[in-house]
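Enquirer: Mind looking at a prediction? Sequence and model below.
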There are 2 protein chains.
Amino acid sequence: MSLTSPSETLNWLYRGTHEIFPHQPDSNNREENLEQLLKQCDRPLRVKLGIDPTGSDIHLGHSIPFRKLRMFQDAGHTAVVIIGDFTAQIGDPTGKSEVRKQLTPEQVQANAKNYLEQLHPILDFDTPGRLEIRYNSQWLSQLNLAKIQELLATMTVGQMLAKEGFAERFKQENPIFLHEFLYPLMQGYDSVMIDADVELGGTDQKFNIAVGRDLQRHFGKKPQFGLLLPILIGTDGSQKMSKSLNNYVGLKEGPLSMYSKLEKTPDALIKEYFELLTNFSLDTLPENPRDCQKQLAVEIVSQFHGKDAALLAQKTAEELVTQGIGTSTDAVPEYELSQVEFPAKLFYILSASGLCESSGDGRRQLQGGAVRIDGTRVTDPNLIFNTPEELYGKVLQVGKKKFIRLI
Amino acid sequence: MSLTSPSETLNWLYRGTHEIFPHQPDSNNREENLEQLLKQCDRPLRVKLGIDPTGSDIHLGHSIPFRKLRMFQDAGHTAVVIIGDFTAQIGDPTGKSEVRKQLTPEQVQANAKNYLEQLHPILDFDTPGRLEIRYNSQWLSQLNLAKIQELLATMTVGQMLAKEGFAERFKQENPIFLHEFLYPLMQGYDSVMIDADVELGGTDQKFNIAVGRDLQRHFGKKPQFGLLLPILIGTDGSQKMSKSLNNYVGLKEGPLSMYSKLEKTPDALIKEYFELLTNFSLDTLPENPRDCQKQLAVEIVSQFHGKDAALLAQKTAEELVTQGIGTSTDAVPEYELSQVEFPAKLFYILSASGLCESSGDGRRQLQGGAVRIDGTRVTDPNLIFNTPEELYGKVLQVGKKKFIRLI
């Protein structure tokens, strides 16, 4: 066990961290602060982070708390990843006229598996004792009315309505359904059940993490610390990163796609991206802004695809620019792989996506050496892909002027 | 089955009834009104009334909805009495510093038994198919979080906070704990589970009964009607009848005790008491106010103790007045039977209560014929009572000037 030694500085703890709470020794509760706890504890701390498995595509914004979680792992502590499968399975019954977003256990399981796979480049899955993956249906499905009443009785309506999100809706007289009050309590009960010492989350999670503290206290346990991380601004430089705003970089994207997006990171965000998404020393950033962008892109792509792939992506991108063709999102149209039935032959995809005029044309272009995937030439006219994952996020190119990004 | 025939007037339905809702045919929901349903239905309706078994002493105020329930029974319908044992057993966990009012299943069972015994003079316990007694723990203890979320999702915070009781507390910023929102939903779920056609309650139950309607609709059932009855004003003529205000007439009280309280019913309440607590025709009330009071007292005492006992109580009370001694609550001091260990000899009670100077004196007074219980002379010096119930609410008298009411 390589716990952080007392003498070691805890710089890793504060990198990019927005807030740690409680941050002052509290004489009433005799609570130490988190730094003190990390220095003095003689056991691995249990550091909680929750996953919502209603979807499975995650982007760099989601990765930030997981990167912090990895830092805790590297300091010898235990990451406890909570899969929120219970909520995903019961769905949100609000609004009878809408379709209930209720997932089967199999769908939830598949989403969780997909989500966890994307975390492999970030978390330490291998060192014994460093990772626990827990499904909260294990305890939430067991709760009866008596227990739920006990949870509800720990909070007042006023406290809930003061919560960011609820406050505005209540003021504007938009309906808040009673079951919405359950979610913070369920998340908080997770902390009770897994004996969390620290919970990580975005700044929007402060209330929920604080509810976890209250519930732990209620059940006679030591309340966790909260460590809040910023919500990442997307590549557009203005709004928070989100798939629906198309200002995101997905963790499943190929190296060229990732690189092309990241090398255009707005100057105002460069430092924050370095701080939150890399371990690169902020004191040694290149002086030239363009070099900064490239360095950032290489650093991040390397984490997911290795240094070689990152440098190849950089080279390909530069060649494309030399050819007068950008690879930014707006320059490269996207084609959705969900339109294709897999297994699929590449010549069919070339045709279906409109890059080639027909399947026959696709075959000929392949044989003629005009087709590249993420800059790498492919020539086998019968090349088959078994799953969309093999192509997701990659740039498919025919000749020098025709590109699509596969999504 | 003697269902109310179409031609029969439904006067019994409206006697003392404050409100029936919905009271208009609702074209959206194609709901009939209750009178129409009663006239047309070809099956016994299921008429719900709930009991809270956290206590067991009930008074005339509590009896009002049960009297209406009896009218439904007599018209051929089925009374479904819900014992709210679930809530009583889980208690109210609000306020950790206070003692939890949590009852054991045995206590709840004992309270419910005691409560039901007091209803024997009111309800028809004997005719087959006229009474169902159900414990709501049977279904509420089975609810899991998914189901509870479904119940909560049927209502908004705004709807709950508009509820009488919550509204003022919220406005005054007094804490409302989240679990308090569960109670109306639990009561409403009872209606779902027992397929209630009608629910009876005090005027303060309108919201809860309406929640039952919503939940029945949510679960694809026909919503119940609500029938609301007034909250009885106590014998002081100003505040609602309550044990703690000592303006009550308990159903376990002896005939003399009941009579003495009721013969002083304030004039302003006489008509309401006749209407709500007797079946006496309101068109034939005695003209003289004093005669009205006596008639009322005899009518009510007769229901619980029979006509003979009521008339004897009247005679005893009049003799006492002739002797210059009132029997009203303020004139007769009370003595709590909980201070005595049962089985108990009467001479001991005479001594312990201070009516006699010693046990020996008590024995002598008995032998000398000076002791009366509710006006009836008792002379056996070794008379033993096995339980406090045998004496509860009775007036114990020694000679002509010394009285206590046993409670």
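Expert: Thanks, I have it.
Enquirer: near chain B, which residues of chain A show up?
Expert: Residues of chain A lying close to chain B by CB under 8 Å from any CB of the partner chain are A:86, A:89-90, A:92-94, A:140-146, A:148-150, A:152-158, A:160-161, A:170, A:173, A:175-179, A:181-182, A:185-186. Where C-beta positions appear, they are placed from N, C-alpha and C, glycine not excepted.
Enquirer: Could you check how many residues crowd around the closest residue to chain B within the stretch 251-400 of chain A?
Expert: For the stretch 251-400 of chain A and chain B, the shortest gap (CB to the nearest CB) falls at residue A:338, measuring 30.6 Å. By other CB atoms under 10 Å in any protein chain shown, the residues close to residue A:338 number 9.
Enquirer: Residue A:254 too?
Expert: Residues within reach of residue A:254, counting by other CB under 10 Å, total 24.
Enquirer: One more: the one 3 residues further on?
Expert: By the criterion of other CB under 10 Å, residue A:257 has 26 neighbours.
Enquirer: Correct me if wrong: it contacts residue A:405.
Expert: Yes: the pair formed by residue A:257 and residue A:405 meets the contact definition of CB atoms under 8 Å, at 5.7 Å.
Enquirer: quick one: buried residues of stretch A:190-208?
Expert: Residues A:190-194, A:196-202, A:205-208 are the ones in stretch A:190-208 that count as buried (16 or more other CB atoms under 10 Å in any protein chain shown).
Enquirer: related to what we said a few turns ago, are there residues contacting both of residue A:257 and residue A:405? Which ones?
Expert: Shared contacts of residue A:257 and residue A:405 (CB atoms under 8 Å, 6 or more residues apart in numbering or on different chains): A:393-395.
Enquirer: follow-up on the earlier one: if any of the residues of chain A next to chain B are buried, put those into a PyMOL selection.
Expert: Applied in PyMOL, the following selects the buried portion of these according to 16+ other CB under 10 Å:
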select buried, chain A and resi 86+89+90+92+93+94+140+143+145+146+148+149+150+152+153+154+155+156+157+160+161+170+176+177+178+179+181+182+185+186
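Enquirer: Could you pull out the buried residues of the helix or strand hosting residue A:36?
Expert: Using DSSP states H and E, residue A:36 sits in helix A:34-40. For helix A:34-40, the neighbour count (16+ other CB under 10 Å) marks A:34-35, A:38-39 as buried.
Enquirer: closest to chain B among those?
Expert: Minimum distance to chain B across these is 27.0 Å, recorded for residue A:34 (CB to the nearest CB).
Enquirer: tell me the contacts of the closest one?
Expert: Residue A:34 makes contact with A:13, A:20, A:23, A:198, A:225, A:227 under the criterion CB under 8 Å, 6+ apart.
Enquirer: which among these end up buried?
Expert: Buried members of the contacts of residue A:34, scored by 16+ other CB under 10 Å, are A:13, A:20, A:198, A:225, A:227.
Enquirer: I'd assumed residue A:198 was in contact with the fourth one.
Expert: Yes: at 4.7 Å, residue A:225 counts as touching residue A:198 under the criterion of CB under 8 Å.
Enquirer: ok so, going back, now the helix holding residue A:36, how far from the centre of its chain.
Expert: 27 Å (CA atoms, centre = their mean, to the nearest Å).
Enquirer: how near is the closest residue to residue A:197 other than its chain neighbours to residue A:79?
Expert: The shortest distance from residue A:197 to any non-neighbouring residue, by CB to CB, 6 or more residues apart in numbering or on different chains, is to residue A:45 (4.1 Å). Between residue A:45 and residue A:79 the computed distance is 10 Å (CB to CB, to the nearest Å).
Enquirer: So which of these two has more stuff around it?
Expert: Neighbours around residue A:45 and residue A:79, counted as other CB under 10 Å, are more numerous at residue A:79. The numbers are 26 against 23.
Enquirer: Does that one touch residue A:47 like I think?
Expert: Yes: with contact defined as CB under 8 Å, residue A:79 counts as touching residue A:47 (5.6 Å).
Enquirer: shared neighbours of those two, anything?
Expert: Joint contacts of residue A:79 and residue A:47 (CB under 8 Å, 6+ apart) are A:69, A:72.
Enquirer: Check the offset of the helix ranked longest in chain A from the chain's centre.
Expert: If you go by DSSP state H, chain A has its longest helix at helix A:289-322. On the basis of CA atoms, centre = their mean, helix A:289-322 sits 21 Å off its chain's mean C-alpha point.
Enquirer: Go through that helix and flag the buried ones.
Expert: So helix A:289-322, judged by 16+ other CB under 10 Å, has buried residues A:292-305, A:309-310, A:312-314, A:316-317, A:320.
Enquirer: Pick out the most distant pair among the contacts of residue A:34.
Expert: Farthest-apart pair in the contacts of residue A:34 is A:23 and A:198; separation 12.7 Å (CB to CB).
Enquirer: Now do the contacts for the nearest residue to residue A:204 once chain neighbours are set aside.
Expert: Leaving aside its chain neighbours, residue A:204 sits nearest to residue A:231 (6.7 Å; criterion: CB to CB, 6+ apart). By CB under 8 Å, 6+ apart, the contact set of residue A:231 is A:61, A:202-204, A:240-241.
Enquirer: try 7 Å
Expert: Contact analysis of residue A:231 by CB atoms under 7 Å, 6 or more residues apart in numbering or on different chains lists A:61, A:202-204, A:240.
Enquirer: cool, and residue A:9?
Expert: Residue A:9 neighbours (CB under 7 Å, 6+ apart): none.
Enquirer: what separates it from residue B:11, distance-wise?
Expert: Per CB to CB, residue A:9 is found 88 Å from residue B:11.
Enquirer: cool, residue A:224 as well?
Expert: Taken as CB to CB, the span from residue A:224 to residue B:11 is 65 Å.
Enquirer: Where does pLDDT dip in chain A?
Expert: A:1-8, A:24-31, A:90-101, A:323-332 (pLDDT under 70).
Enquirer: all strands of it, in order?
Expert: Per DSSP state E, chain A carries strands over the ranges A:19-21, A:46-51, A:78-83, A:131-135, A:198-202, A:225-229, A:334-335, A:344-345, A:371-373, A:376-377, A:384-385, A:395-398, A:402-406.
Enquirer: How is chain A divided into domains?
Expert: Annotated domains of chain A cover A:11-229, A:235-320, A:333-407 [automatic domain parsing].
Enquirer: Just give the number of residues close to the closest residue to chain B within the stretch 201-350 of chain A.
Expert: Residue nearest to chain B within the stretch 201-350 of chain A: residue A:218 (8.2 Å; CB to the nearest CB). As a burial measure, residue A:218 scores 18 neighbours (other CB under 10 Å).
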